[in-house]
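1. Let's see this in three dimensions:
(one chain, ligands or ions: 1)
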Amino acid sequence: MSGNPSHPVPSTVRQLVVPVLRSHRRNLGALAAWSVVETLPVLLSGTLVAAALDHGFLAGRPSLGLLLLLAYGATLVVGTLGTRQAMPHTAAVVESLRDELTRQVVRAGLYRAVYTEGPAADVSTVARVTRQVEAVRQISGGLLLSLRTIAFSIVAALIGLLALHPLLAAVAGGSVLTACVLMALLAPLLRRRHVAVLRAQEELARRAGPQLTGIRDVVACGAWETAGRAMGASVDAEAAAVVAGARAGAGRIAVVALGARLPFAVVLLASGWAVRTGLLTPGALVGAMVYLLQGVEPALRAMVQTVGNMGLQLSVTLRRLAAFVDVPRRRPSDSATVTGSPLTGTRIALKDVSFAYGPFAEPLFTRATLDIPDGSHLAVVGPSGIGKSTLAMLIGGIETPGSGIVTLGGTPLPELSEAGLRRHVAVVPQESYVFAGTLRENLTQLAPRAEDGELDEAVAALGLEGTVRRLGGYDRPITGSGPLSQGERQLITLARVYVSGARVVILDEATCHLDRAAEERAEQAFGARPGTLIVVAHRITSALRAERIVVVGQDSLTVGSHGELLAASPDYAALIGYWQAAGPRLEDAHGARPRG
Ligand SMILES: Nc1ncnc2c1ncn2[C@@H]1O[C@H](COP(=O)(O)OP(=O)(O)OP(=O)(O)O)[C@@H](O)[C@H]1O
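-> Prediction:
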C-alpha cells in the first residue's frame, strides 16, 4: 500500500481508467465518428473560401462564390449536429469513470479507517471523495471533448492546407510540432506546481477540520486568534502555491505564439511574393489564413488550456486518488493464501478462538470451540452485551479472531477470497439496508441473474406479497409509494438474502421489527431453505425453533438442545426464566414447542 499520496502510481491510474475505457469501446468509437462530422467545417472551410474567391468573386461569378460560401455555412450546421451527437457518448464514459472512482475511494477509505492507524479516515478523506472525484468527472468530461476537438481540428486544418499547397502544410505542421514539444517540456513544471497547490489545499482542509468542528468552543472561549493562527499559515501557503502555479502557467502564452501566430506571420509576410510568383492564388492565400485562424489557432489555444490546466489537474488528481485507493483487496489478516477453490460443504468450526475488541479490553472468548454441522439450525442466546453479535461476526468472517481459527467446509476463513466468503455466508444485521431503486434491484443485489420465479418464491416464503402489491410490482421505484415500515425493510433485506446463493445465513436480530407470526414465517422459510441457519435469538420462540442452541456466557459457549440446556446450564435456565417472566408463557408462544 502506498502511504505517500503524491507517490506516482501510474499502474494504479491505468487500473482505474483503462477498464472503464475498455467497457465503453462502443461509446468511444461513436465519439470518434461524430468528431469527424464535427470537424467537417474546419476541413472544408479554407478550401471552400479559396474556391469562392478564385472561381467565384474574382472570376466574375459572384453567384457561384455565394453558393460556395453557403455550402460552407451548411457544413457549420452539420458540425453542430456532430457536437450534439457526441455529448451523450462523452457523458456515458465520464459518468462511469466517476462511479468507479467513487466506489474505489469509498472502499479504500473504509479499509484505511478500519485496518490502518493514523488519521486516514478524517476530513481529508471526505475532501478527496467530494472534491477530487468530482474534479475528475468535470475535468475528464471537458478533456475528452476538448482533446478530440483539438486533434481532429489540427489534422483537418493540415489536410486542408495540404490541399491548397504542400508548403503551407509544411510551415504550419512544423510550427504546431514545435509548439507541442515546448508544451511537453513545460508540463513537468506545471505538474509540480499543481501538486503543490493540491497539497496546500489538503493541509488546509486537515487543519480546518478540527477548528470548524469545534467552532462552538472557539466562540465560547473567545479563541478566535488562536484558531486563526492555527489556520493562517495554511491559508497563506495555499495562496502562495496558487500564485506560483499561475506564474508557471504564463509560459503557455509562448506555446500559442510559436504554434499559431508564427505560421500566420510567415504566410502574411510571404503573401505578396507567393501571389506574384504564382505559388498561391489569392483565394488559396485567404483560404490558408482561414485554416490558420479558424482551425489551427483555436485548437492550439484549447490545447494549451486543456493540457496546461485540465490535463495536469486530471493527471495529478488521478495519481493522488490512485495512491489513496492503492490498498490491498483483502483485509490484512487475509494476506496469507487467497484461494478460489470450491468449498467442501459448509460445516463451520471454531477452534481455540480467542477474541477481544482491543489489547486492553476484557476478552469475550478465550480458546472457544464450536462445531456447526452442515444444514443445522442453531440459535444463539445469552444476556445482553455478552458477545452474541460478536460470535455471529466471527462465524461470518467479519471479525477475525485474535488467536485460533474459524473454518468453513474445512477451509480457514482467511484462505477464502472475500468474494467467495460473501457468496457462501450472509450475515444479516438488525439494521436493514434498502436502497433507492426498484424492488427488483433491491432483491437481486446479491443475485443479479435471479429470475421472477425465484423472486416470487422468496416473496411467498417470507410473506412479502402485500408489500410487493403496495409498491406496484418489482419494477417500480421503492420510494414512489410512501415510506417503508421497519418491518417491510427487514423483510426486503431477508428476501434479498433468501434469493442469494448464500448457504450459511446468520440472522443477527434481523427480525426484531417483525411481529411473532412474521418472524416465525421468516425463520421457517430460511430453515426450509438448503443450508445452515444461525439465529441470534431475541425471543424465546426463536430459540425453541432451533435444533440446537448455543448459550453465550461469560467467556464460555455451551451447546445443547432446549431440554439438555435447561438441565445443564444455569445461564440458560435463568434466561428462560427471564423470558417467561417478561413475555407470554413458554407454551403459549405461537405454539412453539421445544425441539429437544
Ligand atoms: N466494535 C466494538 N468495539 C468495542 N467493543 C465492542 C464493539 N462491539 C461490541 N463491543 C462490546 O463487546 C461486548 C459484546 O457485544 P455484542 O454486541 O457482541 O453483544 P450482544 O450479546 O450481541 O449484545 P446485545 O444482545 O445487546 O446485542 C459488549 O460489551 C459491547 O459493548
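
2. What residues does Asp217 make contact with?
-> For Asp217, the contact set (C-beta atoms under 8 Å, 6 or more residues apart in numbering) comprises Ala223. All C-beta atoms are positioned from the backbone trio N, CA, C, and that covers glycine.

3. name the element it belongs to?
-> When secondary structure is defined by DSSP states H and E, Asp217 falls within helix 215-221.

4. Centre-most residue in the protein?
-> Using C-alpha atoms, centre = their mean, the residue of the chain that lies closest to the mean C-alpha position is Arg103, 2.1 Å off.

5. Quick check: which element contains it?
-> Counting by DSSP H and E, Arg103 is part of helix 62-115.

6. helices and strands around that helix, which ones?
-> Applying 3 or more C-beta pairs under 8 Å, 6 or more residues apart in numbering; DSSP states H and E, one finds that helix 62-115 makes contact with helix 10-22, helix 25-38, helix 40-51, helix 123-127, helix 134-164, helix 312-325.

7. The same query, at a cut-off of 6 Å, please.
-> With contacts defined as 3 or more C-beta pairs under 6 Å, 6 or more residues apart in numbering; DSSP states H and E, the packing partners of helix 62-115 are helix 10-22, helix 25-38, helix 40-51, helix 134-164, helix 312-325.

8. Name the next helix or strand following the helix or strand where Ala246 lies along the chain.
-> Using DSSP H and E, Ala246 falls within helix 224-249. For helix 224-249, the following helix or strand on the C-terminal side (DSSP H and E) is helix 252-256.

9. pull the CA atoms of the helix or strand just after that next one into CSV?
-> With elements assigned by DSSP H and E, the helix or strand that comes after helix 252-256 is helix 262-276. Only the C-alpha atoms of helix 262-276 are listed here, as CSV (Å, rounded to 0.1, in the frame of the first residue of the first chain):
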residue,chain,number,x,y,z
LEU,A,262,4.3,32.4,-36.2
PRO,A,263,3.0,30.5,-39.3
PHE,A,264,0.3,33.2,-39.7
ALA,A,265,3.0,35.9,-39.8
VAL,A,266,5.2,33.8,-42.2
VAL,A,267,2.2,33.4,-44.6
LEU,A,268,1.3,37.1,-44.3
LEU,A,269,4.9,38.3,-44.9
ALA,A,270,5.3,36.0,-47.9
SER,A,271,1.9,36.6,-49.4
GLY,A,272,3.0,39.3,-51.9
TRP,A,273,5.8,37.1,-53.2
ALA,A,274,3.7,34.0,-53.3
VAL,A,275,0.9,35.6,-55.3
ARG,A,276,3.3,37.4,-57.7
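
10. can you pull out the helices in the stretch 251-400 of the chain?
-> 252-256, 262-276, 282-290, 297-305, 312-325, 388-395 (DSSP state H, counting those that start in this stretch).

11. Which of those helices sits closest to the ligand?
-> helix 388-395 (3.3 Å; C-beta to the nearest ligand atom).

12. Return the list of helices and strands in contact with that closest one.
-> Secondary-structure packing of helix 388-395 (3+ C-beta pairs under 6 Å, 6+ apart): strand 504-508.

13. ok and the strand it packs on relative to helix 388-395, angle-wise?
-> 160 degrees (axes from the mean of the first three to the mean of the last three C-alpha atoms, to 10 degrees).

14. touching the ligand at all, strand 504-508?
-> No: between strand 504-508 and the ligand, judged by C-beta under 6 Å from any ligand atom, nothing touches; the nearest distance is 7.4 Å.

15. And the contacts of that strand?
-> Strand 504-508 is contacted from outside by 346, 389, 392, 396, 425-429, 497, 526, 532-536, using C-beta atoms under 6 Å, 6 or more residues apart in numbering.

16. before we move on, what about stretch 161-168?
-> Stretch 161-168 is contacted from outside by Thr47, Ala169, Ala172, Leu280, Ala284, Gly287, Ala288, Tyr291, using C-beta under 6 Å, 6+ apart.

17. so which two of these are the farthest from each other?
-> Using C-beta to C-beta, the pair of those lying farthest apart is Thr47 and Ala172, separated by 14.7 Å.

18. With neighbour numbers in mind, choose between these two.
-> Ala172 (28 against 21; other C-beta atoms under 10 Å).

19. residues contacting that one?
-> Contacts of Ala172 by C-beta under 6 Å, 6+ apart are Leu161, Pro263, Val296.

20. Confirm that it sits in a helix.
-> Yes: when DSSP: H, G, I helix; E, B strand; the rest coil is applied, Ala172 is found to be in a helix.

21. If you drop the residues flanking it in sequence, what lies closest to it?
-> Spatial nearest neighbour of Ala172, chain neighbours left out: Pro263 (4.7 Å); criterion: C-beta to C-beta, 6 or more residues apart in numbering.
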